[in-house]
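>>> Turn this into a structure:
(one chain, ligands or ions: 1)
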Amino acid sequence: MSQSPIDTTSAPENDAALLVSDLSVGYGQTDVLRGVSLRVDAGSVTALVGPNGAGKTTLLRAVSGLLPVKEGSVQFFGDDVTRLEPFRRAQQGLCHIPEGRAVYRSLTVRENLQLQASPDRETEAIERAVAAFPILGDRLGQQAGTMSGGEQQMLAMAAAYVRDVRLIVVDEPSLGLSPVMVDKIYEFLGAMATGGTALLLIDQFVDRAMAMADAAYVMRRGEIVFDGEPATLMAGDVFDHYVGG
Ligand SMILES: Nc1ncnc2c1ncn2[C@@H]1O[C@H](COP(=O)(O)OP(=O)(O)OP(=O)(O)O)[C@@H](O)[C@H]1O
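Next comes the predicted model:
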């Protein structure tokens, strides 16, 4: 087990899709993350778990640039993006799928996809999204907010598919969905991973997340307390030890 110290330098930096080093982030005067280090290897899946309020969402928001970093750095495929605007990170191939159904509810499915697509590639984007989630093809003219929760989540996930994405950071993709929908979402994530896209995944369905992960991290109270193999974390009472029952 290699729960500490975390070695973020074991491979050349350009083998890392994401390299987070000694990150401290907070809200106002309150520090939430303290000295967090984490790496996601290119083309691999990393799962991040931890109890409620541990700081997982805060980490993803800092990675995609939605929260300012107090100390430490974020590197994306070898480039320091710590101070880069979120849209610049997105242009470089970072896709953040936040918790909840991240769609423009008053726009149609087609309009949502067009907004996510690269300029001049809207038609291709819609074709790719429909190939991934055929149900969206029947709903192109429908207001996104009137679709079911699962359909909205598919639309949100399709954002990762309509442009050239190198790393997806995804926050609780299966929250509130039926088992069938969760299957579809994981099928999609699995296909993205097989295609070579790196993933950083938070999910309360720990078994599902760990089943597809190459690496696992546990966060508690704003600090990483475990990093290692998913199988190690899931063996015996290791998970309970780090995450709590
Ligand atoms: N906008 C905010 N302003 C102030 N504090 C916040 C804000 N958002 C989150 N926090 C606090 O930061 C801490 C970490 O929250 P965060 O949402 O990152 O945890 P999490 O691990 O994703 O939790 P969960 O699994 O419950 O979603 C919590 O104590 C939370 O109350």
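>>> Can you list the buried residues in stretch 164-179?
165, 166, 167, 168, 169, 170, 171, 172, 173, 174, 175, 177 (16 or more other C-beta atoms under 10 Å). Just so you know, the C-beta spots here come from the backbone N, C-alpha and C atoms, and that holds for glycine as well.
>>> Go ahead and confirm the fifth one touches residue 64.
In this case it means residue 169. Yes - shown here, residue 169 and residue 64 form a contact pair, counting by C-beta atoms under 8 Å, at 6.2 Å.
>>> who touches both of the two?
Common neighbours of residue 169 and residue 64, using C-beta atoms under 8 Å, 6 or more residues apart in numbering, are 94, 96.
>>> Which residues does the top helix by length along the chain contact?
Ranked by residue count and defined by DSSP state H, the top helix of the chain is helix 179-194. Contact with helix 179-194 is made by 43-45, 132-133, 149-150, 153-154, 157, 160-161, 165, 168, 170, 173-174, 177, 199, 201, 205, 208, 212, as judged by C-beta under 8 Å, 6+ apart.
>>> before we move on, back to that, could the buried residues of stretch 164-179 be laid out in TSV, adding secondary structure?
Formatted as TSV, the buried residues of stretch 164-179 follow (DSSP: H, G, I helix; E, B strand; the rest coil):
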residue	secondary structure
165	coil
166	coil
167	strand
168	strand
169	strand
170	strand
171	strand
172	coil
173	coil
174	coil
175	coil
177	coil
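>>> farthest-separated two in the residues you listed?
Spatially, the most separated pair among those is 166 and 177, at 26.0 Å (C-beta to C-beta).
>>> just to revisit the earlier point, as TSV, the buried residues of stretch 164-179 with pLDDT would be great.
What follows is the buried residues of stretch 164-179, written out as TSV (pLDDT from 0 to 100):
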residue	pLDDT
165	89
166	93
167	95
168	95
169	96
170	95
171	95
172	93
173	90
174	88
175	87
177	87
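>>> Spatially nearest residue to residue 124 (excluding sequence neighbours)?
residue 117 (7.5 Å; C-beta to C-beta, 6 or more residues apart in numbering).
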